[in-house]
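Trainee: Would you be able to build a 3D model of this:
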Amino acid sequence: MKRLIYGLVALVTIGLLATSCKKEEVYSFTVPSGSILVSMPGEEGTTSFDSFNIASIGASSTPVGWEIVNINLYDGTITVKAPTSFDNEEVKEGNLTLVGYTPQGSRKSISIYLAILENEDVDYSSSPANCYIANKANTRYLFDPYIGGNGIKLETESIELLWQTEKSLVKYLDLRDGKASFYLAMAEAEDDSDEPTNKVVEGNALIGAYDKAGNLVWSWHIWVTNDDPREATITLNGEEMMDRNLGAFTNSNASTDGEEIFRSYGMYYQWGNKNPFVGPQRYNFPGNHDDVLYNNKDYDTYLAYEASSAKVGTAEWSNSHPMTLIWGNKDNDYDWLYEGHDNTLWSEETKSDNDPCPAGWRIPSKSVFENLTIVGSYDDMSWEEAQPLYGWMLQDTATGAEHFFTAQGRRNYLDCRLDIFNDDYDMPIPWSGYYWTASVDGEDASALYFDLNTATRTWNGIDVARAMHRANALPVRCVKE
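Mentor: Numbers count the residues shown, from 1 in each chain. I've put the predicted structure just below:
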């Protein structure tokens, strides 16, 4: 009897061991771009897929009229052909569903968006910059992912969306035939109408380039807006300047509407740094919280903060960590750079590789602001009238022209915290405005500064060339080259 019991125990033990040694099947099947977009009927389009332990791929559904030309497991590409005509219910867009099978018979389905684009591609590849404007719905945008700034050569192996201020703002990111591409969809109508809006969802995004080792080597700011900031300009001291901040969607133009004020803020930049950083969640800085960011999967993502050090306080490190703000180093006069001040990162006379403006535009020199003063009727306003404006109407004393500049605060040099008040603890100011220039001022850099004086109401502050520590993150206005 004991031998039988021992035998049963041995069989159970062997069975448990066999079960525990059985490995779970591992496989994956993804299409990074999520789409194949073509320019005209009858055209072929290709995208790449990534797979592991996938032995075969088949289609379970295909949009009417679309044809699968080739699925190449060896090089990981899928090629389709768009319909040549639309006489028999063929469609211009739809979803292709593919199924990947493992050798053991497991399966994984993926969906790929197929579309014939009715709008011509916007190709920026011959005009490299650190910022690209995108303002057309249902349009594919192209740029050169192997060039950073004005001409820095990059060993780009892949690209990825790092952050966006709206979910699914930038879609179908792809790298093919020597160009990077992304797509802007049409915004939904606010009144639940089926009529097309021909508008985009406005926002900002950052696309990163990675090398073969997986290191982030560069990034590009995508400025998504419903008009073209290059066509809405003012003239200051003989230079053509955009009428809004870099990354903004409008100029609030003395409106007291909170949403219009917020839409006029734009991005914030540390002096000499190309990387854009978001501002507050609302125009009046409630809680001084950062605006919400989303990653390529539409999940929340966040900015990081680091003290300047020998490791992180370099332009190279910052360019490879574009979501990290670097606060100032006392021994280096509160520059985000740890050792020495690099006056060449931005330039008064030419567009530098670290200039954050779109192609054909650059950071201005301090001379562009030298004739500005507060318009008299605004300077004479009561505190109650002036506070809701969040900015001043400024006059060019050389021409008499008046232009509104938003007071959107800054990220300060001590900890990169969002501030819209001044530094005076006893007499805080309800809002203050700052705008970087490419000019340096000794150890610091020069910025336009103004504020609302609530203490005496006899002088509202304006300084057209205020010395500011370089670790401050301020808005900028771009001027034409």
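
Trainee: where's stretch 372-391 relative to the chain centroid, distance-wise?
Mentor: In terms of C-alpha atoms, centre = their mean, to the nearest Å, the centre of stretch 372-391 is found 33 Å from the chain centre.

Trainee: Ok, stretch 130-150 next?
Mentor: Using C-alpha atoms, centre = their mean, the offset of stretch 130-150 from its chain centre is 11 Å.

Trainee: start the count at 184, not 1, going forward
Mentor: I'll keep to 184 as the first residue from here, and by that count the last item is stretch 313-333.

Trainee: Which parts of it count as buried, going by neighbours?
Mentor: Going by neighbour count (16 or more other C-beta atoms under 10 Å), the buried part of stretch 313-333 is 313-332. Quick note: C-beta positions are derived from backbone N, CA and C, even for glycine.

Trainee: same deal with stretch 304-311?
Mentor: Buried residues in stretch 304-311 (16+ other C-beta under 10 Å): 305, 307, 311.

Trainee: Quick one: mean pLDDT for that stretch?
Mentor: Average pLDDT, stretch 304-311: 96.

Trainee: what's near enough to touch the nearest residue to residue 213 once chain neighbours are set aside?
Mentor: Leaving out its chain neighbours, the residue that sits closest to residue 213 by C-beta to C-beta, 6 or more residues apart in numbering is residue 233, at 5.1 Å. Residues in contact with residue 233 (C-beta atoms under 8 Å, 6 or more residues apart in numbering) are 211, 212, 213, 214, 215, 259.

Trainee: cool, and residue 663?
Mentor: Contacts of residue 663 by C-beta under 8 Å, 6+ apart are 416, 422, 423, 424, 543, 544.

Trainee: which of these are buried?
Mentor: 416, 424, 544.

Trainee: quick revisit: specify which member of the contacts of residue 233 is nearest to residue 411.
Mentor: Nearest to residue 411 among those is residue 215, at 30.1 Å by C-beta to C-beta.

Trainee: Centroid-nearest residue for this structure?
Mentor: residue 388 (2.1 Å; C-alpha atoms, centre = their mean).

Trainee: so that one is in which element?
Mentor: strand 386-393 (DSSP states H and E).

Trainee: Just the pLDDT for residue 374.
Mentor: pLDDT, residue 374: 68.

Trainee: got the contact list for the closest residue to residue 214 other than its chain neighbours?
Mentor: Spatial nearest neighbour of residue 214, excluding adjacent residues (C-beta to C-beta, 6+ apart): residue 232 at 4.8 Å. Neighbour list for residue 232: 212, 213, 214, 215, 259, 260, 261, 293 [criterion: C-beta under 8 Å, 6+ apart].

Trainee: With residue 212 instead?
Mentor: Each residue near residue 212 by C-beta under 8 Å, 6+ apart is listed here: 232, 233, 234, 235, 237, 240, 281, 283, 291, 293.

Trainee: Including secondary structure, distance to residue 658 and pLDDT, could those go into JSON lines?
Mentor: Output for the contacts of residue 212, formatted as JSON lines (DSSP: H, G, I helix; E, B strand; the rest coil; distance: C-beta to C-beta, whole Å; pLDDT from 0 to 100):
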{"residue": "232", "secondary structure": "coil", "distance to residue 658": "41", "pLDDT": "95"}
{"residue": "233", "secondary structure": "strand", "distance to residue 658": "39", "pLDDT": "94"}
{"residue": "234", "secondary structure": "strand", "distance to residue 658": "45", "pLDDT": "95"}
{"residue": "235", "secondary structure": "strand", "distance to residue 658": "45", "pLDDT": "95"}
{"residue": "237", "secondary structure": "coil", "distance to residue 658": "48", "pLDDT": "95"}
{"residue": "240", "secondary structure": "strand", "distance to residue 658": "49", "pLDDT": "96"}
{"residue": "281", "secondary structure": "strand", "distance to residue 658": "45", "pLDDT": "96"}
{"residue": "283", "secondary structure": "strand", "distance to residue 658": "48", "pLDDT": "96"}
{"residue": "291", "secondary structure": "strand", "distance to residue 658": "46", "pLDDT": "95"}
{"residue": "293", "secondary structure": "strand", "distance to residue 658": "41", "pLDDT": "95"}
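
Trainee: Could you identify the most distant pair in these?
Mentor: 235 and 281 (15.3 Å).

Trainee: CA atoms only for stretch 446-457 - export them in PDB, please.
Mentor: Extracted in PDB, the C-alpha atoms of stretch 446-457 (Å, rounded to 0.1, in the frame of the first residue of the first chain):
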ATOM      1  CA  ARG A 446      -4.800  80.500 -26.400                       C
ATOM      2  CA  SER A 447      -2.400  83.400 -26.700                       C
ATOM      3  CA  TYR A 448       0.300  82.100 -24.300                       C
ATOM      4  CA  GLY A 449       2.300  79.700 -26.400                       C
ATOM      5  CA  MET A 450       5.500  77.800 -25.400                       C
ATOM      6  CA  TYR A 451       8.200  78.700 -22.900                       C
ATOM      7  CA  TYR A 452      12.000  78.600 -23.700                       C
ATOM      8  CA  GLN A 453      15.100  78.800 -21.600                       C
ATOM      9  CA  TRP A 454      17.600  81.100 -23.200                       C
ATOM     10  CA  GLY A 455      19.600  79.400 -25.900                       C
ATOM     11  CA  ASN A 456      17.600  76.200 -25.700                       C
ATOM     12  CA  LYS A 457      15.500  75.000 -28.700                       C
END
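
Trainee: Great, nothing more from me.
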